[in-house]
Structures are given as structure tokens and as C-alpha cells.
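Q: model this:
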Amino acid sequence: MDLLQAFEIIVDKAKGSSLGEKFYQEADPYLGFVSDKLCISKRASAIMALFADRCDDNHIQFSDYTDFLDCRILSLLRYSKETEELVDREYVCRSKDEGLYYCIPMEVMEAFQQNQRYIPSDVEELTARELFDKFNELFTKCRRRKLDRQILILPVITPFRPFCMVVRRRWSSLLPSFARARGWKEPGPRER
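A: Below you'll find the predicted structure:
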């Protein structure tokens, strides 16, 4: 058995189940397989299977599953902790732009297709060239609409926000003296 087969069986057993006790009894071996393979809880494995089934959708919401699972949105909101587990492991990206949306990055699905656990690359170990290549790849996906802009901002840009703030602060303090040294007109507040 591989991850995609396990996901498919879990999703089939989840249909109309409200993710109740009977579902967990019937799907237990498959949830266990996914749980062991991805190092996540069985409850998170159920949510991961549902997300994987909609891997082509960049705007997955819990409300998308209420009819399929035959349950209320409140039942699904009890899985917030498990969903956070998936976000923390970077199996799923979250966007809070005009609502709460989720999507699965293509790299994650590619790893799952190879029956492997996705291991995110460590940005701190990248060379400058590799880092800028990664940025270029992400911005290209964003331009081609394969990646939602908000999803790009959260995991990639956010860690660099403190660095950007320092650069901005230093630049704004150096700009007037730099301009005066070259005989340029000092920029106004809107030009900075």
C-alpha cells in the first residue's frame, strides 16, 4: 500500500460518516499507515486525506466538506488542532485572505506520489544563490496563478520580515545623508 491508496480508502470511508466512531473503526489500519508514514496523529491523517483529495484546489475550506461528510461545520471545527498540526509540518498552507482557506503545495503532493513524507527545505542551509532561485520559483508560480499570493507571503516572506524592517530602517536613516553627499535633493516622505 502507498500513501495515495491509503488516502483514497480513507476518503471513501469518510463519505457520509460525519467522521464518527464507525469511520475511525473501519479506517483504522489506513489511518495508522498514514499516521506512521507522515508522523502525524490519526485524526490529522483523516484531515490530510480529505485535503489530498482536493489537492488541485487552492481555496479549500471546511465548509466544502459538510455535504460530503454529512456533518455540520461545527463538527469539522473540532479538527482545528489537527489542521494546525498539518500547517506546522508544512503539509498544508493556510491563507486568511477573505476567509480561511487551505491548499496543499505541489512539492508535498509530489513527495506523496513517491510514497514519501514531505520534508521542507531548511532556508537557513541554502546558499544565497539557492535562496534567490527558490524565491524566483515561488514568484513565477504566483505569477502563473499556480500559487495564491497570500499563501506565498505567509511561509516565505514572514520569516524575513525582521530583516526587511532593519534594512528599511537603516536605508531611511542613510538616504538623506547619501543624497546630500551626492548633491541630490533630499527625498520627501512620499519618495522614501
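
Q: element containing residue 8, please.
A: Element membership of residue 8, judged by DSSP states H and E, is helix 3-14.

Q: per-residue confidence averaged over that helix?
A: When pLDDT is averaged over helix 3-14, the result is 94.

Q: So what touches it?
A: Helix 3-14 has contacts (CB atoms under 8 Å, 6 or more residues apart in numbering) with 23, 26-27, 30-31, 33-34, 37-38, 45-46, 48-50, 52-53, 68-69, 112-113, 115. The C-beta positions use only the backbone N, C-alpha and C, and glycine is treated the same way.

Q: ok, which stretches of this structure are strands?
A: Secondary structure of the chain, counting by DSSP state E: strands at 93-95, 101-103.

Q: buried ones in stretch 111-130?
A: Within stretch 111-130, the residues that count as buried by 16 or more other CB atoms under 10 Å are 111-112, 117-118.

Q: And the residues you listed, which two are furthest apart?
A: 112 and 117 (8.5 Å; CB to CB).

Q: What residue, apart from its backbone neighbours, is nearest residue 71 spatially?
A: Spatial nearest neighbour of residue 71, excluding adjacent residues (CB to CB, 6 or more residues apart in numbering): residue 18 at 4.0 Å.

Q: re earlier: quick one: which of the contacts of helix 3-14 sit in helices?
A: 23, 26-27, 30-31, 33-34, 37-38, 45-46, 48-50, 52-53, 68-69, 112-113 (DSSP state H).

Q: Low-confidence ranges, this protein, go.
A: Applying pLDDT under 70 to the chain flags the ranges 97-98, 122-126, 138-139, 141-192.

Q: just checking, residue 42 touches residue 23?
A: No: between residue 42 and residue 23 there is no contact under CB atoms under 8 Å: 11.0 Å.

Q: From residue 92, how far off is residue 84?
A: 10 Å (CB to CB, to the nearest Å).

Q: Looking at those two, which one has more neighbours?
A: Each of residue 84 and residue 92 has its neighbours counted (other CB atoms under 10 Å); residue 92 has more, 22 against 13.

Q: What values do phi and psi take at that one?
A: phi -140, psi 140 (degrees, to the nearest 10).

Q: contacting residues for residue 115?
A: 2-4, 37 are the contacts of residue 115 under CB under 8 Å, 6+ apart.

Q: Check what contacts stretch 77-84 and list those residues.
A: 19, 40-41, 43-44, 46-47, 62, 92, 94, 102.

Q: want to throw those into a markdown table with distance to residue 13?
A: Shown next, in a markdown table, are the contacts of stretch 77-84 (distance: CB to CB, whole Å):
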| residue | distance to residue 13 |
| --- | --- |
| 19 | 10 |
| 40 | 18 |
| 41 | 17 |
| 43 | 14 |
| 44 | 16 |
| 46 | 9 |
| 47 | 14 |
| 62 | 19 |
| 92 | 21 |
| 94 | 26 |
| 102 | 21 |
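
Q: For those residues, name the two members farthest from one another.
A: 19 and 94 (20.1 Å).

Q: which one of those two has more residues nearby?
A: Using other CB under 10 Å as the criterion, residue 19 and residue 94 rank with residue 19 on top: 22 against 17.
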